[in-house]
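Peer 1: coordinates for the following, if possible.
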Amino acid sequence: MNINDYGYNDYFAAHFAAYETSERLIPARISAVFKHVYRVVSEDGEQLAKLKTSSFRDALRVDRPSIGDFVALESHPGDTSLIHQVLPRKTIILRDDPDIGEQVVAANFDYCLLVCSANDDFNLNRIERYLTIAWNSGAQPLIIVTKSDLTDQLDHYLQQLEIAGFGVPVYPVDSIHGDGLAELQAHFAVGDTLVLLGSSGVGKSSLVNALAGEYKMKTNAIREDDAKGKHTTTHRELHLLHNGMIVIDTPGMRSLGIGQASTGLEETFHDIESLAEQCRFHDCAHTQDQPDCAVQQALAEGTLPTKHYNNWLKLKKELAYNERKNNVTQLRQEKQKWKTLSKTHKQNSKNRANR
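Peer 2: Numbering: from 1, shown residues only. Okay, the predicted model is just below:
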């Protein structure tokens, strides 16, 4: 197995050199994440691996391996290998979970495919949320509209996406019959890694199968009562396709917090951000009671969709809340760090005194 086929390149090779030691470490890529173990691919083939305890004892959740990561691996073919280090990431999607905080959804991808379906489950607000996260990841976002054969409102959906996407390529596809797939595949090159984001049942698994030209992922039919698909992907998984592309499929997520994606928010709502620069006052809140507000003027003239504006306000409030919350979290982590160091220092002093 050639690790280069899985996206390993000069960038990662340069960083891997810093982790070379007298131990037998080789580069590997995380291809699946389970509860307590990882599946990795390397020159030794596909195998299971766990974290080397001493390397990750004090690591934050976001510093632990995730799908798409390249790692320094102590390989034990036929047994469980050990992950020593995570190589620096080129791109990353972070999910803000209210229960556990930030977690890595995927890493080291070239394109972020935002998958939505052309049926009653079409949700523009959710797409704008995904766009915010995708732009913040550092990769190129693409919007994929699946099940395009199941609607007579496709043009209406595409018009909405043209406003929300603001220049992001949009590809309507029919994964079952292949319509639109050739145009989508022409966007990619051999060795590119694609990550798929979308809620449950929008057709991500069918899209993976269509891109692969073979059966890769289990699929289920949509429910006729609400046009929503059934949940099929249960864990994050990386696939090497026969055409040389690499696809990361993720479980559907109805709720996906934007974390501290300030850059992504500015990119997604670039039209509103540009209008805001034309307001009379620098600290304009862009609400109805603000004088000479260019944003409110565009709303009144109908050139700025109200739904688009309301979602911008909602995500800005979420971003501000997350930034305040993160400041508190950082203070707690710093206090815990110094508390641990102080405890260790006292124990070392006690040990020296007893010798």
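Peer 1: residue boundaries of the strands in the stretch 101-250 of the chain?
Peer 2: 101-107, 111-117, 140-146, 170-172, 193-197, 237-240, 246-249 (DSSP state E, counting those that start in this stretch).
Peer 1: just name the most buried of those strands.
Peer 2: Mean neighbours per residue, mean count of other CB atoms under 10 Å, is largest over these for strand 193-197, with a mean of 27. Every residue, glycine included, has its C-beta placed from N, CA and C.
Peer 1: who does that strand pair up with?
Peer 2: According to DSSP bridges, strand 193-197 forms sheet pairs with strand 111-117 (parallel), strand 246-249 (parallel).
Peer 1: could you export those as TSV, including distance to Asp179 and mean pLDDT?
Peer 2: Shown next, in TSV, are the strands paired with strand 193-197 (distance: least, CB to CB, whole Å; pLDDT from 0 to 100):
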stretch	distance to Asp179	mean pLDDT
strand 111-117	14	92
strand 246-249	19	92
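Peer 1: would you tell me which of those gets closest to Phe56?
Peer 2: Across these, Phe56 has its closest neighbour in strand 246-249 (21.9 Å, CB to CB).
Peer 1: I would like the residues contacting the closest one, please.
Peer 2: Identification of contacts with strand 246-249 by CB atoms under 8 Å, 6 or more residues apart in numbering yields 6-7, 67-68, 106, 109, 191-196, 204-205, 208, 211-212, 217, 233, 236-241.
Peer 1: check the strands of the stretch 101-250 of the chain for me: which has the lowest mean pLDDT.
Peer 2: If those are sorted by mean pLDDT, strand 101-107 sits at the bottom with a mean of 85.
Peer 1: ok, which stretches of the stretch 151-300 of the chain are helices?
Peer 2: For the stretch 151-300 of the chain, the helices defined by DSSP state H, counting those that start in this stretch occupy 154-165, 181-185, 204-212, 262-268, 270-276, 294-301.
Peer 1: any weak-confidence spans in this protein?
Peer 2: Applying pLDDT under 70 to the chain flags the ranges 21-22, 97-101, 120, 214-235, 252-264, 321-355.
Peer 1: now the residue nearest the centre of it: closest residue in space that isn't a chain neighbour?
Peer 2: Nearest to the mean C-alpha position of the chain, by CA atoms, centre = their mean, lies Ile93 at 3.1 Å. Nearest residue to Ile93, sequence neighbours excluded (CB to CB, 6 or more residues apart in numbering): Val105, at 4.1 Å.
Peer 1: residues in contact with that neighbour?
Peer 2: Contact analysis of Val105 by CB under 8 Å, 6+ apart lists 66-67, 93-95, 195, 197, 236, 250.
Peer 1: export the residues you listed as a markdown table, with columns for distance to Lys316.
Peer 2: Shown next, in a markdown table, are the contacts of Val105 (distance: CB to CB, whole Å):
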| residue | distance to Lys316 |
| --- | --- |
| Ser66 | 27 |
| Ile67 | 29 |
| Ile93 | 20 |
| Leu94 | 18 |
| Arg95 | 19 |
| Val195 | 25 |
| Leu197 | 21 |
| Arg236 | 29 |
| Thr250 | 26 |
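Peer 1: from these, which is closest to Leu150?
Peer 2: Leu197 (20.9 Å).
Peer 1: tell me how far the closest one lies from Leu82.
Peer 2: 31 Å (CB to CB, to the nearest Å).
Peer 1: again, but for Ala182
Peer 2: To Leu82, Ala182 is 43 Å away according to CB to CB.
Peer 1: comparing these two, which residue is more hemmed in?
Peer 2: Set Ala182 next to Leu82 and count neighbours by other CB atoms under 10 Å: Leu82 wins out with 20 against 9.
Peer 1: that one contacts Lys52, correct?
Peer 2: Yes. The pair Leu82 / Lys52 is scored as a contact, 4.5 Å apart, by CB atoms under 8 Å.
Peer 1: got any residues that touch both of the two?
Peer 2: Residues touching both Leu82 and Lys52 (CB under 8 Å, 6+ apart) are Glu74.
Peer 1: residue contacts, Val195?
Peer 2: Neighbouring residues of Val195 by CB under 8 Å, 6+ apart: 68, 93, 105-106, 109, 111-113, 139, 247-248, 250.
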